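[1] Prediction below, plus the sequence it came from.
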Amino acid sequence: AQSVSQHNHHVILSEAASLELGCNYSYGGTVNLFWYVQYPGQHLQLLLKYFSGDPLVKGIKGFEAEFIKSKFSFNLRKPSVQWSDTAEYFCAVNARSGGYQKVTFGIGTKLQVIP
Amino acid sequence: EAQVTQNPRYLITVTGKKLTVTCSQNMNHEYMSWYRQDPGLGLRQIYYSMNVEVTDKGDVPEGYKVSRKEKRNFPLILESPSPNQTSLYFCASSQKGLAGVANTGELFFGEGSRLTVL
């Protein structure tokens, strides 16, 4: 079974600081990788995804993530955060399990951006 | 507008009083799933469905039931709620994947239903 580890559970940054959130997964086969964002009081929304091809993936709102297969990692980055980036971020991995793709989430990282 | 709709959004109930949380999607997705979100535990899958009349347990199915009689609807049933089922619940759907796989893994979420069981 796959698992997902997010290393930082609560991150506090000042506006304009750079962001990197760590995500590691454990699974030996082919996976697809995702980052979802949950703004306060809202549902989860897809931020970016990796299925195949270029391991550097660009998402919405200036976010990007790099898939490093040898390290089983999919870290999320943003060069300059804004107050509006305050949210909870979830890394997720899906892997084939019988007839469907089982999606497993990390426990989330709460990002607080201080103006 | 493509969306997943859950009802109710907020509910306070008492132990043992049966309740149903409805979920409906208008994207013609075959795959649907229920998650619960708890602080420090992230999202955990309760049940999923690969198609009409095809449902299976996720990681935390105890105390829940589901049904899938129509493609668009996937209600979550708590026959006898208990306080440990107090949580934030999300329904999600996904479009069909390649090579006969039921979903792509990319999920579209509903707004969430916050349930409190006293």
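    Yes, it's here.
[2] tell me the average confidence for stretch A:96-112?
    Averaging pLDDT along stretch A:96-112 gives 85.
[3] near chain B at all, it?
    Yes: using Cβ under 8 Å from any Cβ of the partner chain, stretch A:96-112 reaches chain B at A:96, A:99-103, A:105-108. All C-beta spots, glycine's among them, are computed from the backbone N, C-alpha and C.
[4] and the helix or strand bottoming out on mean pLDDT in chain A, which strands flank it?
    The helix or strand of chain A with the poorest confidence is strand A:100-105; it has a mean of 82 (mean pLDDT, DSSP states H and E). Strand pairing for strand A:100-105, determined by DSSP bridges: strand A:87-97 (antiparallel).
[5] Can you list the buried residues in the strand it pairs with?
    Using 16 or more other Cβ atoms under 10 Å in any protein chain shown as the test for burial, strand A:87-97 gives A:87-96.
[6] got it, and stretch B:57-72?
    Judged by neighbour count (16+ other Cβ under 10 Å), stretch B:57-72 contains these buried residues: B:58, B:60-61, B:64, B:66, B:68, B:71-72.
[7] right, and A:Ile12 touches A:Thr109 too?
    No: with contacts counted by Cβ atoms under 8 Å, A:Ile12 stays clear of A:Thr109, the gap being 11.2 Å.
[8] Quick check: bridge partners of the residue in chain A that chain B sits nearest to?
    The minimum distance from chain A to chain B, using Cβ to the nearest Cβ, falls at A:Asn94 (3.2 Å). Legend: beta-bridge partners of A:Asn94 under DSSP bridges are A:Asn32, A:Val103.
[9] Disregarding residues adjacent in the polypeptide, which is nearest to the residue most central in space within chain B?
    Centroid check for chain B by Cα atoms, centre = their mean gives B:Trp34 as the closest residue, at 2.5 Å. Beyond its immediate neighbours in the sequence, the residue positioned closest to B:Trp34 (Cβ to Cβ, 6 or more residues apart in numbering or on different chains) is B:Ile46, lying 4.3 Å away.
[10] is it true that the one you found touches B:Gly58?
    Yes: at 5.1 Å, B:Ile46 counts as touching B:Gly58 under the criterion of Cβ under 8 Å.
[11] which residues are common contacts for these two?
    Each of B:33-35 lies in contact with both B:Ile46 and B:Gly58 under the rule Cβ atoms under 8 Å, 6 or more residues apart in numbering or on different chains.
[12] In a markdown table, list the residues you listed along with secondary structure and pLDDT.
    Below are these laid out as a markdown table (DSSP: H, G, I helix; E, B strand; the rest coil; pLDDT from 0 to 100):
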| residue | secondary structure | pLDDT |
| --- | --- | --- |
| B:Ser33 | strand | 94 |
| B:Trp34 | strand | 97 |
| B:Tyr35 | strand | 96 |
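[13] one step back: relative to A:Leu44, how far out is the residue nearest to B:Trp34?
    Counting by Cβ to Cβ, to the nearest Å, the gap from B:Ile46 to A:Leu44 is 15 Å.
[14] and if you look at B:Gly16?
    Taking Cβ to Cβ, one finds B:Gly16 at 31 Å from A:Leu44.
[15] Looking at these two, which is more packed in?
    Between B:Gly16 and A:Leu44, counted using other Cβ atoms under 10 Å in any protein chain shown, A:Leu44 has the larger neighbour count: 27 against 11.
[16] I figured the more buried one hits A:Cys91, correct?
    No: judged on Cβ under 8 Å, A:Leu44 makes no contact with A:Cys91 at a distance of 11.8 Å.
[17] Now list whatever residues contact both of the two.
    Contact with both A:Leu44 and A:Cys91 is made by no residue, according to Cβ under 8 Å, 6+ apart.
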